[in-house]
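*Asks:* below: sequence and its predicted model.
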Amino acid sequence: MPHEVRGVVARAKGQPVSTETVLVPDPGPGEALVRVQACGVCHTDVHYREGGINDDFPFLLGHEAAGVVESVGDDVTDVTPGDFVVLNWRAVCGLCRACRKGKPWYCFDTHNAVQRMTLADGTELSPALGIGAFVEKTLVASGQCTKVDPAAPATAAGLLGCGVMAGFGAAVNTGAVGRGDSIAVIGCGGVGSAAVAGARVAGATTIIAVDVDERKLEWARRFGATDTVHAGQEDVVERVRELTGGFGADVVVEAVGRPETYEQAFYARDLAGTVVLVGVPTPELTVTLPMIDLFGRGGALKSSWYGDCLPSRDFPLLIDLYRQGRFDLDGFVSETIALDDVEEAFAKMHRGDVLRSVVVL
Ligand SMILES: NC(=O)c1ccc[n+]([C@@H]2O[C@H](COP(=O)([O-])OP(=O)(O)OC[C@H]3O[C@@H](n4cnc5c(N)ncnc54)[C@H](O)[C@@H]3O)[C@@H](O)[C@H]2O)c1
Ligand SMILES: [Zn+2]
Ligand SMILES: [Zn+2]
C-alpha cells in the first residue's frame, strides 16, 4: 500500500508551487523510505520551478533534508529503520568510468529510487535532484541515505545534503583552498557563506565576501570573512586585488551563476589562481572572454558539482566540525517554516531576507 502524504509540487513552469497529496510506494530492492524531519529551501528548487533545469514537470521539490529511515527494501544492508540520515544526491555507483578511475565524487551514474512517487491521480512526479523532500515521507535509493550522528538537529544537518556541502566543498575540495591562502567568494547566500566557512576551517587567512546585499556581507563576517566587498557600490575586481596586495585571490568561488559575476571571478584571481563555478547558470547564458587572457592568466577554471563531495566521507566530517564548535551549521538556519510556506520562502530568498528557510515536518 502506498503511503499517502503531503508534499510541495511545481506543476508548471513559473507557476507558484502547491501542497498536494503524494503517494509514496513502499521501498523495493535497493530503496529506503525516509520520514523527512527537515528540508532546506535551496535556490535550485526555484530553478526547477522556473523550468531552468529541465521540463519534466510536475516536480516534487526539496532536496536538502535529514530524517529517519522508516523502512528499507529486502536486500538493503547499508541503512536500517531508525537510522538518522542526511539525504544526498550522489549515491556513488562504484562502477561507472569515474568511479573506476578512483574519482567517485564525479560519479556519472548515481542511484535514485527506481519506483516513482505520484500525485493522487497517478501522475508520476520528478523528484528534485532525485530526492524530493518537501514531503512527509520520501522514497530514495538506500545509497542516498548517509547515516550521521544525531548530535546536530535535523534542521541544520539537512543542509549538508546540498547547499552547505556544495559551498564548503567548492572552496575546500574543488578550490583546494588551504593554510595561508586568499579566497574571494562572490555571492554569499547559503552556498557562498558555506564556502566562506569552509575557507576558515581550511586555514585561509584572507577571506573576502562579495555580495550586493549588506545583510549577506554581515552574515558572511560571522562565518569567517575577513573583508567584505559590496558589489553594488564597489568595483569587485579592483577591491579584491587591493585586498590581496594588488594581485588577486588564490581562489575565487562564484556562487551566483551569472556571466558578469563569472567574469569578475576570472579577473579577481591571481595569476595561476583557480576559479570555481558553483553557482548554476540558466541555459541561455553565455560568457565571452579574450582568449589571450585565458592563456595569459593561467591557472584553473573549474566547476564544482556538489562541492566534489563524497557524502560518506564529508557529511560525518562536517558534523564532527559542528560538534567541535568549528563549523556553525545552525547559523545557516534563518527560519523554520511549514510545507505550505515554501512559495513565500522563495520570495524571501529573492529579497535576500534569509540564508536558508528550513521546512520542519
Ligand atoms: N554546484 C552545486 O552543486 C550547487 C548546489 C547548490 C546550489 N547551487 C547554486 O548556487 C547558487 C547559490 O545558491 P544559494 O542557495 O546560495 O542562493 P541565494 O539566492 O541564497 O544566494 C545568491 C547570493 O548571490 C547574491 N548576488 C546576486 N547577484 C549578485 C552579484 N551581481 N554580485 C554579488 N552577489 C550577488 C545574492 O544577494 C545572494 O546573496 C545558485 O545558483 C544555486 O543553484 C549549486
Ligand atoms: Zn559511479
Ligand atoms: Zn540545493
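*Replies:* Done, it's in. Ligands and ions are numbered 1, 2, ... in the order given.

*Asks:* quick one: neighbours of residue 108, just the number.
*Replies:* Residues near residue 108, counting by other Cβ atoms under 10 Å, number 10. (C-beta placed from N, C-alpha, C; glycine too.)

*Asks:* so where does it fall, helix or strand?
*Replies:* Assigned by DSSP states H and E, residue 108 falls within no helix or strand.

*Asks:* surely it is in contact with residue 98?
*Replies:* Yes: here residue 108 reaches residue 98: they are 5.3 Å apart, a contact under Cβ atoms under 8 Å.

*Asks:* host element of residue 91?
*Replies:* Applying DSSP H and E, one finds residue 91 in no helix or strand.

*Asks:* in space, what's closest to the residue of the stretch 51-200 of the chain found nearest ligand 3 - neighbours in sequence excluded?
*Replies:* Closest contact between the stretch 51-200 of the chain and ligand 3, by Cβ to the ion, is at residue 162 (3.2 Å). Among residues not flanking residue 162 along the chain, residue 64 sits closest, at 3.8 Å (Cβ to Cβ, 6 or more residues apart in numbering).

*Asks:* is the one you found bridged to anything, and to what?
*Replies:* residue 40 (DSSP bridges).

*Asks:* hang on, residue 207 in a strand?
*Replies:* Yes: assessed by DSSP: H, G, I helix; E, B strand; the rest coil, residue 207 belongs to a strand.

*Asks:* residue 188 is in contact with that one, correct?
*Replies:* No: under the criterion of Cβ under 8 Å, residue 207 makes no contact with residue 188, lying 10.7 Å away.

*Asks:* anything in contact with each of those two?
*Replies:* 196, 225 (Cβ atoms under 8 Å, 6 or more residues apart in numbering).

*Asks:* more crowded one of those two?
*Replies:* residue 188 (32 against 29).

*Asks:* host element of that one?
*Replies:* Counting by DSSP H and E, residue 188 is part of no helix or strand.

*Asks:* quick one: low-confidence ranges for the stretch 1-150 of the chain?
*Replies:* Within the stretch 1-150 of the chain, not a single segment meets pLDDT under 70.

*Asks:* okay, helices next: where are they in it?
*Replies:* Under the criterion DSSP state H, counting those that start in this stretch, the stretch 1-150 of the chain contains helices at 43-49, 97-100.

*Asks:* run through the residues that contact the residue positioned nearest the centre of the chain.
*Replies:* When Cα atoms, centre = their mean is applied to the chain, the residue found nearest the centroid is residue 163 (2.2 Å). Applying Cβ under 8 Å, 6+ apart, we find residue 163 in contact with 40, 42, 43, 64, 189, 190, 191, 194, 332, 356.
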